[in-house]
Structures are given as C-alpha cells and as structure tokens.
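Colleague: Predicted model, plus sequence, below.
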Amino acid sequence: MNQTIQPHSSSWVTFTYASFAASAFLLAVGVFFLPIDLWMKGYLTMGIVMLVQTCITLTKTVRDNYESGKFVNRIEDAKAERLLMEVSKAA
C-alpha cells in the first residue's frame, strides 16, 4: 500500500497566506476604527491574537494525530504482511 503525498500547489499556498493576511489586516482596521476606548481595543486585539494562535495550535495537533495514526497503521500493515508471508512459506 504505497500512498504518494501530493503537496499543495504554490498557487494554493499563496492564496492561503494572502487570505490570512487580508483577514488579519481587515480585522485590525476594524478594531482600530471602533468607537471604543483604547483599553477595549487592546482587549479585543489580545483576544484575536490568542484565537489565531490557538487555531494554529489546534490545526497542528489534529494534523499530527492524523499523521501518527497513519504511521501506526503502516507499521501494523507491515507486521501483518510479514506474518502472512511466514505463514505462506510454512504451508
């Protein structure tokens, strides 16, 4: 079971970075122009930064768990295939 991993195209990667930058910029402009006190703007900015950081961390954790599961499955498949080869040689 040989699965090839297809990397993302450079266009997709550029699009994702541009989308992130545009959304962060527009959100920052929106917070800047809110008619509220400076400390409230700071609190909103802090919450936004923490939300982005936790989204990145959660995404990485989910991806790492998925990748480690694939690795464990490959090891188990290799063990099962080796066992089947030994059984077929003995028969």
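Modeller: Noted; the coordinates are in hand. Keep in mind the model is a prediction, meaning the values are calculated, not measured. Residues are numbered from 1 along each chain as shown.

Colleague: And the residue nearest the centre of the chain?
Modeller: With distances taken as CA atoms, centre = their mean, the residue of the chain nearest its centroid is Thr59 (3.5 Å).

Colleague: Next, work out how far apart it and Gly30 are.
Modeller: Here the criterion is CB to CB, to the nearest Å. By it, Thr59 lies 24 Å from Gly30. Bear in mind the C-beta positions are built from the backbone N, C-alpha and C, glycine included.

Colleague: do Leu44 as well
Modeller: Leu44 sits 9 Å away from Gly30 when distances are taken as CB to CB.

Colleague: of those two, who's got more company?
Modeller: Taking neighbours as other CB atoms under 10 Å, Leu44 and Gly30 compare with Leu44 leading, 15 against 10.

Colleague: give me the number of residues near the closest residue to that one other than its chain neighbours?
Modeller: The shortest distance from Leu44 to any non-neighbouring residue, by CB to CB, 6 or more residues apart in numbering, is to Val31 (5.2 Å). Around Val31 there are 17 other residues, counting by other CB under 10 Å.
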